[in-house]
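**Q** Structure for the following, please:
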Amino acid sequence: MSSVLSPVGPQPARVYWIRRLVVLGVPLILIIVIAVSCSGGGKKPSASSTGSGTPTGSSTPAGGVTDCAPGDLSAAITTSEQTYAVGDEPVFTGTLTNVSSTTCRLTTAPSDEIWTVTSGAADWWTTGASAGCPTSDVATTKNLAPGATTTLSITWDGKRLDPGCSPGEAASPGTYHLAAKLAGVRAQQVTFHFTQNTD
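**A** Predicted structure coming up:
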């Protein structure tokens, strides 16, 4: 024990004390470094630092914009004229508005647009699947900010749609109603008229 406290040798005692501190200090420093590395610095990552927190399978892309749900939108429809002459081809326009408080991504395609014309109890024309007419699946995608709108339009040839998706007789003078369901959102129907062509 005396040799530990009082080093014996040709060198000054200070030299032996420095050697012992180095021998004891290096392992101690290594132990501290390993302990800190394994603990990750003592700080665990918060939920916000690991990503957006979006569940797997969500439709939220990296930009944080989600797909527009029907509840995010309102739909309104108009006709190009209030009254048409028999033989005219009315143009119908639909407007979709983002009524939510956040931007959403809207994808539309003709196959998702159902336009229907009726007169009284008679069905005159529709783009719905019941007609059996081919529709395009070419889609258009855009982001809609809160309050922003996008428009869709279609032209009706003014004729009854017969079975087999073939055009029938021209609309006769009278009152007609236009209804539409666009991107899953139903619009309030509007009324228009056909009058006899006097030309």
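**Q** now do the same end-to-end measure for stretch 98-110.
**A** Using CA to CA, to the nearest Å, the gap from the first to the last residue of stretch 98-110 comes to 19 Å.
**Q** can you pull out the strands in the protein?
**A** Secondary structure of the chain by DSSP state E: the strands cover 66-67, 73-79, 83-85, 91-98, 104-108, 113-119, 122-126, 140-144, 149-155, 159-162, 166-170, 174-182, 185-195.
**Q** Run me through the strand neighbours of the fourth one, direction for each.
**A** Each strand paired with strand 91-98, and its direction, by DSSP bridges: strand 73-79 (antiparallel), strand 149-155 (antiparallel).
**Q** can you pull the contacts of Trp125?
**A** Listed by CB atoms under 8 Å, 6 or more residues apart in numbering, the contact partners of Trp125 are Trp115, Thr116, Val117, Trp156, Lys159, Arg160, Leu161. Where C-beta positions appear, they are placed from N, C-alpha and C, glycine not excepted.
**Q** between these, which is closest to Asp137?
**A** Trp115 (16.6 Å; CB to CB).
**Q** Just give me the lowest mean pLDDT stretch among the strands of the chain.
**A** Averaging pLDDT over each of those singles out strand 166-170 as the lowest, with a mean of 88.
**Q** still on that earlier bit, want to try a markdown table for the strands of the chain, with distance to Ile31 as columns?
**A** Conversion of the strands of the chain to a markdown table gives the following (distance: least, CB to CB, whole Å):
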| stretch | distance to Ile31 |
| --- | --- |
| strand 66-67 | 50 |
| strand 73-79 | 63 |
| strand 83-85 | 90 |
| strand 91-98 | 60 |
| strand 104-108 | 54 |
| strand 113-119 | 71 |
| strand 122-126 | 79 |
| strand 140-144 | 55 |
| strand 149-155 | 65 |
| strand 159-162 | 84 |
| strand 166-170 | 88 |
| strand 174-182 | 69 |
| strand 185-195 | 66 |
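**Q** What distance separates the opening and closing residues of stretch 130-139?
**A** Taking CA to CA as the measure, stretch 130-139 stretches 21 Å from start to finish.
**Q** residues of that stretch that come out buried?
**A** Under the neighbour-count criterion of 16 or more other CB atoms under 10 Å, stretch 130-139 has Ala131 buried.
**Q** now swap in stretch 66-80 and tell me
**A** Buried, per 16+ other CB under 10 Å, within stretch 66-80: Thr66, Cys68, Asp72, Leu73, Ala75, Ala76, Ile77, Thr78, Thr79.
**Q** Same check on stretch 187-197?
**A** Residues of stretch 187-197 classed as buried under the neighbour-count rule (16+ other CB under 10 Å) are Ala187, Val190, Phe192, Phe194.
**Q** can I get these in a markdown table with distance to Asp88?
**A** A markdown table is the format used below for those (distance: CB to CB, whole Å):
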| residue | distance to Asp88 |
| --- | --- |
| Ala187 | 22 |
| Val190 | 16 |
| Phe192 | 10 |
| Phe194 | 8 |
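**Q** Now do the contacts for Ala75.
**A** With CB under 8 Å, 6+ apart, Ala75 has these contacts: Gly94, Thr95, Leu96, Thr97, Ala180, Lys181, Leu182, Ala183, Val185, Arg186, Ala187.
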